[in-house]
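Participant: okay, structure incoming, though there's no sequence with it:
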């Protein structure tokens, strides 16, 4: 059974590399000395990433409706720049260890929190495996609190947003509501829409009580096979992700509920209706082989933003799947290279 069922929903620069997984090929331009597959195969190097992650400051704060929100902070001693990571559905900070390590080594302080209802943040329903939200705006409110009380107070000259998948829907809404908080933003495979008909169907079958959507169920790592996954072509990074959740089972999350789907579908309309409010320069990455969110929505969003004069760029990453930040070396390096380049010029 596909990992997609448990990871996300039931629906259904040009780069290549070869690294022990799904294969492809292109020369690697690793100008920011990012972690590669060779590094990850080195037990000493891999342990350095673990030790670094464990050294980060952790804690919780009270989000909307008194929900406990978990966070990790990695502060540089001397830097004027910081990055806030907004993660995807089901995700926890522990999935981002390699990325945090690479960004920190490039001079950024890094801040990340687990969105309500997932990771090590408090759940809102009795079954901890249910992907649930009762008000999408609470995601944005939690982020604003984290920004104002933990990032803004450190007086950085530059603060950047890096948002992935569901975190992209949260992050773009944030930019529309608070256009002056970030100097620039990067979105990898943002959740700006689902495949056609999903939202129409959800309107017909939505339930008030928390209930798994059809085809969704509790987390079950015995069904997570690399060969069936539609997330990444990197075997080693796929396995690292699975092992991270095996090590911290409390951080795992299962399938989506009807409530989560319904509120997400409503948010897409809000995001598109408020593009004119965006003032933050942004770059949007879309994977050629995207099978989790709707890539057509990426291009449509970019085209509207560009037409009304927003400072933005659109990049399709060839031979890549949804998880651009844990993809094969060439795709991952090219994506992060461009993110850092974009931050550096804004």
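Facilitator: Sure thing, it's come through. Keep in mind that what you see is a predicted model, and the values were worked out from it rather than measured.
Participant: could you use CA atoms for every contact and neighbour count after this?
Facilitator: Fine.
Participant: low-confidence regions, the chain specifically.
Facilitator: Residues of the chain meeting the criterion pLDDT under 70: 1-27, 206-208, 222.
Participant: most centrally placed residue in it?
Facilitator: A centroid search over the chain (CA atoms, centre = their mean) returns residue 164, at 2.5 Å, as the residue closest to the centre.
Participant: could I get the full set of helices for the stretch 51-200 of the chain?
Facilitator: 97-105, 137-146, 166-177, 198-205 (DSSP state H, counting those that start in this stretch).
Participant: right, so these: which one is the most enclosed?
Facilitator: helix 166-177 (a mean of 24; mean count of other CA atoms under 10 Å).
Participant: so which residue of this protein lies furthest out from the middle?
Facilitator: residue 204 (28.8 Å).
Participant: mind checking how far it is from residue 261?
Facilitator: Note on residue 204: its distance to residue 261, by CA to CA, to the nearest Å, is 12 Å.
Participant: return the residues in contact with the residue nearest to the centre of the chain.
Facilitator: 86, 87, 88, 187, 188, 189, 190, 191 (CA atoms under 8 Å, 6 or more residues apart in numbering).
Participant: and with 7 Å instead?
Facilitator: Residues in contact with residue 164, defined by CA atoms under 7 Å, 6 or more residues apart in numbering, are 86, 87, 88, 187, 188, 189, 190.
Participant: which residues in the stretch 201-346 of the chain form helices?
Facilitator: Going by DSSP H, counting those that start in this stretch, the stretch 201-346 of the chain shows helices at 235-247, 258-273, 295-307, 329-344.
Participant: what pairs with the residue nearest to the centre of the chain across the strands?
Facilitator: Under DSSP bridges, the beta-bridge partners of residue 164 are residue 188.
Participant: distance of it from residue 32?
Facilitator: From residue 164 to residue 32 the distance is 21 Å (CA to CA).
Participant: and if you look at residue 311?
Facilitator: 24 Å.
Participant: cool, residue 285 as well?
Facilitator: 19 Å.
Participant: name the residue in these two with the higher neighbour count.
Facilitator: Neighbour count, other CA atoms under 10 Å: between residue 285 and residue 32, residue 285 has more, with 24 against 15.
Participant: wait, that one touches residue 188, no?
Facilitator: Yes - look at residue 285 against residue 188 with CA atoms under 7 Å: they come within range, at 4.8 Å.
Participant: how far away is residue 258 from residue 166?
Facilitator: 16 Å.
Participant: likewise for residue 110?
Facilitator: According to CA to CA, residue 110 and residue 166 sit 19 Å apart.
Participant: what does residue 51 give?
Facilitator: For residue 51 relative to residue 166 (CA to CA), the value is 28 Å.
Participant: burial count for residue 307?
Facilitator: 8.
Participant: roughly how far apart are it and residue 272?
Facilitator: The gap separating residue 307 from residue 272 is 13 Å, by CA to CA.
Participant: residue 185 now?
Facilitator: 17 Å.
Participant: so for the two, which sits in the more crowded spot?
Facilitator: Comparing residue 185 with residue 272 by other CA under 10 Å, the one with more neighbours is residue 185, at 26 against 18.
Participant: and the more buried one, what does it touch?
Facilitator: 160, 161, 162, 280, 281, 282, 283.
Participant: residue contacts, the third one?
Facilitator: Taking CA under 7 Å, 6+ apart, we find residue 162 in contact with 83, 84, 85, 86, 185, 186, 187.
Participant: in strands, which of those residues appear?
Facilitator: 83, 84, 85, 86, 185, 186, 187 (DSSP state E).
Participant: so which of those residues would you say is closest to residue 42?
Facilitator: residue 85 (26.5 Å; CA to CA).
Participant: can you name the residues bridging to the closest one?
Facilitator: Beta bridges link residue 85 to residue 112, residue 162, judged by DSSP bridges.
Participant: might you report the residue contacts of it?
Facilitator: 111, 112, 161, 162, 163 are the contacts of residue 85 under CA under 7 Å, 6+ apart.
Participant: need these in TSV (columns: distance to residue 252).
Facilitator: Output for the contacts of residue 85, formatted as TSV (distance: CA to CA, whole Å):
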residue	distance to residue 252
111	20
112	17
161	24
162	22
163	20
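Participant: ends of stretch 133-151, what's the gap?
Facilitator: Rule used - CA to CA; the end-to-end distance of stretch 133-151 is 25 Å.
Participant: how far does that stretch sit from the chain's center?
Facilitator: 15 Å (CA atoms, centre = their mean, to the nearest Å).
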